[in-house]
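J.: mind looking at a prediction? Sequence and model below.
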Amino acid sequence: MNLDPKAFVEEFLRIVMIPDPQSARAFMAPDVQIRFTGARVMHDIAECSAFNAGRYRWVKKRFERTDVVQGANDNEAIVYNIGTLYGEWPDGTPFAGNRYVDRYVVRQGKIVEMEVWNDSAERMLLRAGLCEPWSLPQ
């Protein structure tokens, strides 16, 4: 890997948030396996950007921490990036504090697996009046 796994994933996410899918592809293996929130299978980072464009007016990640799982080596590392999303819903309403967890498998300097989880669906249900309110972080 050109960068340590933590820096590699954080740089990938920085580029994704621009958004610059073309540059982000350089971080990914051609046969990358992407599972997005809701178990949606995707095969290219541009699919993730298109999905987000339908769900948010705009969205960014605020990193809280990036952890490399013990046992990582120069060939393979598992990396978790944890934090919160902030941005605007399609109607322009701002949001923040939306928890997320991303999991990456980096093998031979490329992301081969990417999994994404977040609380957006729960927040959408609440906005639609389809679930009971709870205390949201601000």
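T.: Done, it's in. Owing to the predicted nature of the structure, the values given are computational and were not obtained by experimental measurement.
J.: switch to C-alpha atoms for all contacts and neighbour counts from now on
T.: Will do.
J.: buried ones in the lowest-mean-pLDDT helix or strand in the chain?
T.: Among the helical and strand segments of the chain, the one scoring lowest on mean pLDDT, DSSP states H and E is helix 120-127, with a mean of 86. Neighbour-count burial for helix 120-127 flags 120, 123 (criterion: 16 or more other C-alpha atoms under 10 Å).
J.: tell me how far that helix lies from the chain's centre.
T.: Distance of helix 120-127 from the chain centroid (C-alpha atoms, centre = their mean, to the nearest Å) equals 18 Å.
J.: what's it packed up against?
T.: With contacts defined as 3 or more C-alpha pairs under 8 Å, 6 or more residues apart in numbering; DSSP states H and E, helix 120-127 has no helix or strand neighbours.
J.: show the average pLDDT along the helix or strand residue 48 falls within.
T.: Assessed by DSSP states H and E, residue 48 sits inside helix 45-55. The average pLDDT for helix 45-55 rounds to 92.
J.: which stretches of the chain form helices?
T.: Taking DSSP state H as the test, the helices found in the chain are 5-16, 21-25, 45-55, 120-127.
J.: which of those is buried the deepest?
T.: helix 5-16 (a mean of 18; mean count of other C-alpha atoms under 10 Å).
J.: may I have that helix exported as CSV, CA atoms only?
T.: Taking C-alpha atoms only, helix 5-16 is exported to CSV below (Å, rounded to 0.1, in the frame of the first residue of the first chain):
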residue,chain,number,x,y,z
PRO,A,5,-4.6,1.6,5.7
LYS,A,6,-6.1,4.4,7.9
ALA,A,7,-4.7,7.2,5.7
PHE,A,8,-5.7,5.3,2.6
VAL,A,9,-9.4,5.0,3.6
GLU,A,10,-9.6,8.5,4.9
GLU,A,11,-8.1,9.9,1.6
PHE,A,12,-10.6,7.8,-0.4
LEU,A,13,-13.5,9.2,1.7
ARG,A,14,-12.2,12.7,1.2
ILE,A,15,-12.3,12.3,-2.5
VAL,A,16,-15.7,10.6,-2.5
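J.: next one: that helix to chain centre, how far?
T.: Centroid displacement of helix 5-16 relative to its chain, using C-alpha atoms, centre = their mean, is 11 Å.
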